[in-house]
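Chemist: dropping the sequence and predicted coords here.
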Amino acid sequence: MLAAAPFADPWRFQSNVEVYLLVAFLIGAYVYMVRAIGPKAVRPGEQVISRRNLRCFIGAMVMLFVASTWPIHQIGEDYLYSAHMVQHMMLSYFLPPLVLLATPEWLLRVLVGNGATYRVVRFFAKPVVAGVLFNGMVMILHIPGVVNTSTENGVLHFLLHLLVVLLSVLMWMPVVGPLEELQMKPGGKMIYLFLMGVVPTVPAAWMAMAEKPVYRHYGNQPVRVWNIDAINDQQVAGLIMKVGGGIFLWVIVIYMFFKRFGIAGAGENSYRRAEQGPDGALGEEAPLTFDEVTAAFDRSAAPAEPRR
């Protein structure tokens, strides 16, 4: 993820060997932990990883590879700030929850132990601490001086990406982390995610309403991909941040709300009837069908008219 020198042809393929090595290392480490450490870390007969863990790990590796290599990486760093914003959304909002969902509880406990490392993780994963650090980083990353310097300094650029991913993982820990004692209650998760979706709208609105390019690196770029000028590119970046950083989290909140209250409430308030088992005994209640409810109303006598 080191910044590459700009090319006259933005669609010229550029390799990112360091990303290939990183992804290969992570895959190898995950396989080793699951095969060699997992069976010793879980109880006899207990599942080492679930299908969801495996699917999320594959999704995380694909997300990391796509976000950190050509063409998104090169175009985002050298030509279009909107492409850079797509990369930022992938690394901070989409990749971290996949990483946490791919991590079984035993694996994280092996990595952090129960000593000083665990206490550090527990502190920084507190909702207030993680939320403040993450949103503070979001604001810093959109300061013009930081953006212009990072695009010209490969080491700083890499360190910022690394810090973004780490803080994002901590931000998501109270929501989907594998350690139950670090997770919030469902109601708290909804409030937390809603608040996390508010702060990104500030720089998003600032970029969308700016009347001139706010980032020198992208405003002075002579090669315009898809003929998008600097102002439109900046406005598209603000929209992407609004959707990815705000609406995405709010959609999750809405889903969590209806999953907890909508479906459960519908089940509790539905009309039900008792089912008979093979021996004639009453079993669990089952919902009445529409035809059964209609027939019951038809059989009932019409109410008598009041006397005058």
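Modeler: Here it is on my side, so go on.
Chemist: contacts for stretch 22-35?
Modeler: 48-49, 57, 61, 64-65, 68, 102, 107, 110 (C-beta atoms under 8 Å, 6 or more residues apart in numbering). In short, each C-beta sits where N, CA and C put it, glycine included.
Chemist: those: which two are farthest apart?
Modeler: Val48 and Ser68 (28.3 Å; C-beta to C-beta).
Chemist: now the contacts of stretch 22-35: which count as buried?
Modeler: Listed as buried from the contacts of stretch 22-35 are 48-49, 57, 61, 64, 68, 102, 107; burial here means 16 or more other C-beta atoms under 10 Å.
Chemist: need those in a markdown table (columns: secondary structure and pLDDT).
Modeler: Below are these laid out as a markdown table (DSSP: H, G, I helix; E, B strand; the rest coil; pLDDT from 0 to 100):
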| residue | secondary structure | pLDDT |
| --- | --- | --- |
| Val48 | coil | 96 |
| Ile49 | coil | 95 |
| Phe57 | helix | 98 |
| Met61 | helix | 97 |
| Leu64 | helix | 96 |
| Ser68 | helix | 93 |
| Ala102 | helix | 97 |
| Leu107 | helix | 97 |
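Chemist: same list (those residues) but as TSV, adding distance to Gly246.
Modeler: Shown next, in TSV, are these (distance: C-beta to C-beta, whole Å):
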residue	distance to Gly246
Val48	37
Ile49	33
Phe57	27
Met61	27
Leu64	23
Ser68	24
Ala102	25
Leu107	32
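Chemist: Leu162: which of the contacts of stretch 22-35 is nearest?
Modeler: Ser68 (11.1 Å).
Chemist: circling back to that earlier point, and of the contacts of stretch 22-35, the nearest to Arg260?
Modeler: Of all the contacts of stretch 22-35, Ala102 has the smallest distance to Arg260: 24.0 Å, by C-beta to C-beta.
Chemist: how far away is that closest one from Tyr93?
Modeler: Distance of Ala102 to Tyr93, computed by C-beta to C-beta, to the nearest Å: 16 Å.
Chemist: for the residue nearest to Gly188 when sequence neighbours are not counted, give me its contacts.
Modeler: Closest residue to Gly188 apart from its sequence neighbours, by C-beta to C-beta, 6 or more residues apart in numbering: Pro127 at 7.3 Å. With contact set as C-beta under 8 Å, 6+ apart, Pro127 has these partners: 174, 184, 188, 192.
Chemist: most neighbours of all those, which one?
Modeler: The member of the contacts of Pro127 that has the most neighbours, counting by other C-beta atoms under 10 Å, is Pro174 with 22 neighbours.
Chemist: test my guess that it contacts Glu181.
Modeler: No - using C-beta atoms under 8 Å, Pro174 is not in contact with Glu181, being 10.6 Å away.
Chemist: and for Val62, the neighbour number?
Modeler: Residue neighbour count, defined by other C-beta under 10 Å, stands at 13 for Val62.
Chemist: to clarify, my last question referred to Gly136.
Modeler: Neighbours of Gly136 using other C-beta under 10 Å come to 12.
Chemist: list the contacts of it.
Modeler: Contacts for Gly136 (C-beta under 8 Å, 6+ apart) come out as none.
Chemist: and if you look at Ala204?
Modeler: 238-239, 241-242, 245-246.
Chemist: can you pull the phi/psi pair for it?
Modeler: Backbone torsions for Ala204, taken as degrees, to the nearest 10, come to phi -60, psi -50.
Chemist: confidence score at it?
Modeler: Looking at Ala204, its pLDDT is 88.
Chemist: same check, this time on Arg224
Modeler: 81.
Chemist: from here on, count from 615
Modeler: Okay, using 615 as the starting number, the last item reads as Arg838.
Chemist: hang on, the earlier thing: quick one: which of the contacts of Ala818 has the most company?
Modeler: Met855 (27 neighbours).
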